[in-house]
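Q: Sequence first, predicted model second:
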Amino acid sequence: MAVGVREEVPTTGNAGEVIVLGAARTAPERELIGEWAAQHHPGAPVCLTPQDLERALADATPTAEVVPIRVTWLPPTRAAEWADGSGAPPKRPKAVDLLALIGHRRPPAFWQRRLARNAPDRVQVVEGEPATVADLTRRHADQAAEEPLEDYVHRAGVLSCERAERAVIGDHYTVPRLVVEQIVASTAVREKVRELAEKEGRAFGEVLDAMRARLADLAAVQNPLSIDAFRTALSPMHTSAWQVEVDAETVEPLRALNRTAPLVFLPTHRSYADPLVLGEVLRDHDLPRNTVLGGNNMSFWPIGPLGKRAGVVFIRRSSGDDKVYRLALREYIAHLVTKRFNLEWYIEGGRSRTGKLRRPSMGLLSYLVGALDDGRVPDVQLVPTSLVYDRLYELDAMAAEQGGADKSAEGLGWMARYIRGQARNDGNARVRFGEPFSLAEALAEAGDGPNRLDKVAFAICDGINRATPATPTALVTFALLGTGGRALTHEQIRVSTEPLLDHLDALGRPGPREGLHDGGLSRTLDRLVTGEVVERYDGGDEPVWSIREGRHRVAAFYRNGAIHHFVDRAIVEMALLAASRAPAGTDPVEAAWTDALALRDLLKFEFFFPSKRRFSDAISAETDLIDVRWRERVAEGDGAADLLADARFLVAPRTLRSFVDAQWVVATKLAALDPAREVDRKAFTAECLGLGRQMLRQGRVARPDSVSTELYASALDLAGNRGLLEDSSREDRAAFLAEIDEVRGRLVELARLEERRTEELLA
């Protein structure tokens with residue numbers, strides 16, 4: 001049954017042509033349905049029970065239409081909007097409004113008669129799009145042949161009315177119902193359950209019951225009252241903390257796309273409040289509420305009970321060997337996109353602890369791809385989504401976790417502390433949507449190889465990075481982290497950030513030029529001082545600012561939010577230095593390009609790089625910004641070194657040093673490890689933390705943010721990719737260490753050049 005709400009104009013019909021399928025819970029609703037049926041389809045049978053429907057279907061002709069209807073009760077505010085035709089979304093309800101809303105979706109019978117009599121604009125008989133008995137019988141045979149026809153038709157009618165009701169209550173309240181019954185009734189799903197039961201040597205009925213239980217645990221609904229309660233109860237987690245800025249131009253295309261395909265929003269994950277902020281943005285711009293897939297660590301009271309009724313699906317952090325759970329999750333995601341519900345999940349799998357985009361987690365994406373491969377949905381539109389914040393309350397805890405501290409468990413006490421921490425305004429939250437793209441087209445472009453899913457995931461992450469703006473906080477910390485611990489005046493910070501802003505403008509990237517002018521720089525510094533990231537010293541002739549002692553990891557988090565905009569430039573600087581050292585007779589341009597590719601490979605587990613062709617274009621464009629004559633100048637004797645000396649600014653040490661230092665620690669530990677010894681990642685990471693802390697105290701690694709469990713994990717991924725964790729030789733591990741050591745040497749040399757510039761700036 002397709003979506004639709006018919007004009008309430010009397011029509012003719014008889015018992016052989018129309019079956020009215022009504023959903024009524026009370027006597028007043030039964031009376032309203034009876035009156036509607038008598039007016040619109042006089043003489044047609046009105047089926048309110050499965051028995052009524054079974055008899056009517058047995059007597060009906062194949063061309064008879066089943067017309068589903070239900071009574072919808074509206075709250076006063078929404079009824080007024082419906083009556084005046086404005087269609088404007090209701091304002092955020094207060095707690096007292098929620099009390100007034102209680103029961104508006106299912107008012108008690110004694111209220112219903114009074115409402116129908118005294119406030120007729122608060123009651124609507126909603127009609128779903130009809131379907132013929134022949135069509136329903138065919139669909140039943142294709143989709144759910146193992147259940148009775150009347151059960152299938154009843155469920156289809158309920159779902160049709162749910163979709164039609166959206167025209168009355170708005171797209172904010174999309175309501176998936178009868179999910180478990182729909183999924184397990186599918187012939188295709190039952191066949192998968194049967195195959196799984198055979199593989200595990202279990203009875204079909206036992207596995208089917210387990211499937212029902214897993215689906216019941218997963219399935220979320222979007223109940224209007226619960227959504228309003230969820231928004232109101234959790235609003236203290238974000239409404240006071242930030243002023244939300246949205247790039248409206250990136251919103252407009254989404255509405256048109258949503259009319260033809262479901263949207264899958266894939267945002268960056270910076271804060272616990274991300275889904276709340278994004279949910280409000282979608283609501284304010286009149287887009288349907290997403291079904292949000294998140295970790296079950298957040299399913300404690302009251303978030304869990306309210307969230308499940310507000311469209312939040314709480315997923316196990318690990319499914320272990322529970323194959324039934326994985327099947328249930330896969331089928332549930334396929335069901336949602338088949339029914340065209342918009343989805344939202346955080347492709348990094350968890351919040352970023354370093355500020356930069358983490359590598360994608362493939363599980364949910366693979367389930368979505370499976371739905372397309374099975375032909376259950378023709379396509380979905382993927383929406384890379386960026387959320388960045390001027391300041392984050394929870395960042396202290398994340399920075400501590402990177403230094404080896406245990407993660408605090410979420411719960412009611414944690415939530416109370418979080419709300420207290422979010423009570424003051426911390427600047428802006430910026431939401432920006434990247435260019436949407438078709439999953440079907442992305443899969444076709446990726447081909448059928450083993451890296452098919454990786455290519456799609458990297459396209460998503462590249463889209464997120466392109467959409468992510470550099471914030472004022474990011475550029476100020478970027479400038480201050482490059483001074484070697486020295487403090488800068490207001491004017492010196494402005495002079496340091498100006499080239500970065502110009503560079504972003506030249507690349508056409510979103511930047512915060514307005515946010516650092518007309519008092520914006522002072523406000524950013526004040527915010528960083530209030531957050532105890534930066535300290536201000538007023539004891540001299542004029543104030544100076546520097547990174548506060550012990551806060552380098554926090555400062556690096558903010559810097560890393562914009563670091564992807566400068567990675568290509570950093571590689572260019574490193575490649576030019578390599579070209580300046582090339583042996584006599586070597587083509588310096590070729591030497592620079594070879595080094596750029598080697599750095600791309602070394603950093604591929606830290607950053608998201610495009611194809612080699614696009615990477616080549618990006619590197620050429622970056623070098624043109626240094627000097628459009630760079631090819632001619634590099635070919636000269638000291639041309640590459642002169643290019644670096646003449647460059648207006650350098651970014652390689654600030655951009656790459658922490659990551660390369662972390663790789664160096666891992667490579668050093670690996671080189672000292674017996675190749676026959678198995679590498680236990682958890683224990684090895686703990687050992688790297690110890691060595692990293694030692695090297696930091698010795699000044700052998702540059703900054704505290706390089707001593708990081710997440711950076712060590714990425715370096716281990718690189719080593720594993722190169723076959724250095726198992727069955728490797730001492731020589732291979734030594735070569736890996738030597739490669740990283742050489743790169744570090746160049747970063748140190750560029751840091752000295754940058755330090756001389758800092759001296760000039762201070763002078």
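A: Received the coordinates, thanks. Everything quoted here is computed from the prediction, not taken from an experiment. Numbering: from 1, shown residues only.

Q: C-alpha only now, for contacts and for neighbours.
A: Noted.

Q: Count the residues that sit near residue 318.
A: 10 (other CA atoms under 10 Å).

Q: Pull up the per-residue confidence for it.
A: Here, the pLDDT recorded for residue 318 equals 82.

Q: Residue 50 contacts residue 151, correct?
A: Yes: in terms of CA atoms under 8 Å, residue 50 counts as a neighbour of residue 151; the distance is 7.0 Å.

Q: between those two, which one's more packed in?
A: Taking neighbours as other CA under 10 Å, residue 50 and residue 151 compare with residue 151 leading, 17 against 14.

Q: which residues touch that one?
A: When contacts are counted by CA atoms under 8 Å, 6 or more residues apart in numbering, residue 151 touches residue 50.

Q: Next, the buried residues of the host helix or strand of it.
A: Per DSSP states H and E: residue 151 is located in helix 149-169. Neighbour-count burial for helix 149-169 flags 149-166, 168-169 (criterion: 16 or more other CA atoms under 10 Å).

Q: Please report the distance of the closest residue to residue 562 other than its chain neighbours from residue 274.
A: The shortest distance from residue 562 to any non-neighbouring residue, by CA to CA, 6 or more residues apart in numbering, is to residue 470 (4.8 Å). From residue 470 over to residue 274 the distance is 18 Å, taken as CA to CA, to the nearest Å.

Q: With neighbour numbers in mind, choose between those two.
A: A count of neighbours by other CA under 10 Å puts residue 470 above the other of residue 470 and residue 274, at 25 against 21.

Q: Run a quick neighbour tally on residue 757.
A: Residue 757, neighbours per other CA under 10 Å, totals 16.

Q: Figure out how far the helix or strand containing it is from the centre of its chain.
A: Using DSSP H and E, residue 757 maps to helix 730-762. Offset of helix 730-762 from its chain centre (CA atoms, centre = their mean, to the nearest Å): 35 Å.

Q: Each with direction, which strands does the helix or strand hosting residue 293 pair with?
A: Using DSSP H and E, the element containing residue 293 is strand 291-295. Applying DSSP bridges, strand 291-295 is found paired with strand 312-315 (parallel), strand 343-344 (parallel).

Q: which regions of the chain lie under the pLDDT threshold?
A: 1-16, 75-106, 169-178 (pLDDT under 70).

Q: mind redoing it with 80?
A: 1-16, 74-107, 166-178, 223-225, 425-426, 511, 514-515, 518, 636-638, 761-763 (pLDDT under 80).

Q: Which residue ranges make up each domain of it?
A: Per automatic domain parsing, the domain ranges recorded for the chain read 18-170, 222-467, 472-564, 566-648, 653-762.

Q: can you list those in a markdown table and add distance to residue 179?
A: Shown next, in a markdown table, are these (distance: least, CA to CA, whole Å):
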| stretch | distance to residue 179 |
| --- | --- |
| domain 18-170 | 10 |
| domain 222-467 | 8 |
| domain 472-564 | 39 |
| domain 566-648 | 37 |
| domain 653-762 | 38 |
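
Q: Against which helices or strands is the helix holding residue 757 packed?
A: helix 567-580, helix 652-672 (3 or more CA pairs under 8 Å, 6 or more residues apart in numbering; DSSP states H and E).

Q: got the angle for the helix or strand following the shortest one vs helix 730-762?
A: Proceeding N to C from helix 567-580, the next assigned helix or strand is helix 588-602, under DSSP H and E. With axes from the mean of the first three to the mean of the last three CA atoms, to 10 degrees defining the directions, helix 588-602 sits at 110 degrees from helix 730-762.

Q: what's in contact with helix 588-602?
A: 571-572, 574-576, 578-580, 582, 609, 631, 634-635, 718.

Q: With adjacent residues omitted, what lies nearest to residue 144?
A: residue 186 (4.4 Å).

Q: Residue 239 is in contact with residue 419, correct?
A: No: between residue 419 and residue 239 there is no contact under CA under 8 Å: 10.2 Å.

Q: follow-up on the earlier one: save the strands paired with strand 291-295 as TSV, and put in distance to residue 404 and mean neighbour count too.
A: Shown next, in TSV, are the strands paired with strand 291-295 (distance: least, CA to CA, whole Å; neighbours: other CA atoms under 10 Å):
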stretch	distance to residue 404	mean neighbour count
strand 312-315	26	22
strand 343-344	30	22
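
Q: Redo those as TSV? Include distance to residue 211.
A: Below are the strands paired with strand 291-295 laid out as TSV (distance: least, CA to CA, whole Å):
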stretch	distance to residue 211
strand 312-315	15
strand 343-344	22
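
Q: Out of these, which is closest to residue 424?
A: strand 312-315 (26.9 Å; CA to CA).

Q: Identify all contacting residues around the closest one.
A: 218-221, 291-296, 298-299, 304, 307-308.

Q: Packing partners of whichever helix or strand comes after that strand?
A: Later in the chain than strand 312-315, the nearest helix or strand by DSSP H and E is helix 323-338. On a contact count with 3+ CA pairs under 8 Å, 6+ apart, helix 323-338 meets helix 179-185, helix 204-218, helix 363-373.

Q: Give me the residue at the spatial middle of this protein.
A: By CA atoms, centre = their mean, the chain has its centre lying nearest to residue 267, at 2.5 Å.

Q: re the thing from before, of the helices and strands packed on helix 730-762, which stretch is the most buried?
A: The highest average neighbour count among the helices and strands packed on helix 730-762, using mean count of other CA atoms under 10 Å, belongs to helix 567-580 at a mean of 25.

Q: so how far is that helix off the chain centroid?
A: 32 Å.

Q: can you check stretch 111-127 too?
A: Relative to its parent chain, stretch 111-127 has a centroid offset of 41 Å by CA atoms, centre = their mean.

Q: Between the two ends of it, how far is it?
A: 23 Å.

Q: circling back: how about the secondary structure of the residue nearest to residue 562?
A: coil (DSSP: H, G, I helix; E, B strand; the rest coil).
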